[in-house]
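S.K.: Below are the sequence and a predicted model; questions follow.
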Amino acid sequence: MSNVQTLILMTLPLVVICAYTDFKDKKIYNGITVPMMGLGVLYHGYTSGLLGISYSVVGMAMALPLLIFFVVKMLGAGDIKLLMALGAWWGREGILEIMLYSLIVSGILALVLMLTRKNFKQRFKILWTYFVSTILLRKAEEYDNLTTSSGAHFPMAPAILLG
């Protein structure tokens, strides 16, 4: 079995479970993501020693800049921990690719959701107002405070799965 096959075998069930719970419960559970981070570090440590451990840790760290989106409530902590778990397995290059494709897929899914919910204008206006006020006031408010409608939730894990 090749390294890529092993990585897919180990991470695909993680992402499928997280996508399901995020969609169903609006939650990604620590009981899934945290052990997968540790297993990723252990796997790469076992297969490549200290270099493998650093490969994993750097992969996890690549998701940390996304914490800014958690602070303003645009992403949940579970989304970030899921990406950290994937980073532990796929390393720096792999997680950057996963995040890029997930961003593209999430944009497409968000557009489809807004069109089917018929709230595209409303959502776009909220987002535009948020960005303009953040730039002009140089202060990031919680995005959640602007999105009290039921059409506001967007599960990110399914986009990560499809990305």
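M.R.: Everything's here; your move.
S.K.: residues near the residue nearest to residue 29 when sequence neighbours are not counted, how many?
M.R.: Nearest residue to residue 29, sequence neighbours excluded (CB to CB, 6 or more residues apart in numbering): residue 21, at 6.1 Å. From N, CA and C alone the C-beta is placed, and that goes for glycine too. A total of 17 residues lie near residue 21 under the criterion other CB atoms under 10 Å.
S.K.: Lowest mean pLDDT among the helices and strands of the protein, which one is it?
M.R.: Every helix and strand of the chain was ranked by mean pLDDT, DSSP states H and E. The lowest is helix 120-137, at a mean of 77.
S.K.: Thought residue 30 was touching the residue nearest to residue 29, still the case?
M.R.: No: Residue 21 is not in contact with residue 30 according to CB atoms under 8 Å; the separation is 11.3 Å.
S.K.: before we move on, back to that, what's the least confident helix or strand of the chain packed up against?
M.R.: With contacts defined as 3 or more CB pairs under 8 Å, 6 or more residues apart in numbering; DSSP states H and E, the packing partners of helix 120-137 are helix 77-117.
S.K.: The helix it packs on: how far from the chain's middle?
M.R.: With CA atoms, centre = their mean, to the nearest Å as the basis, helix 77-117 stands 5 Å off its chain's centre.
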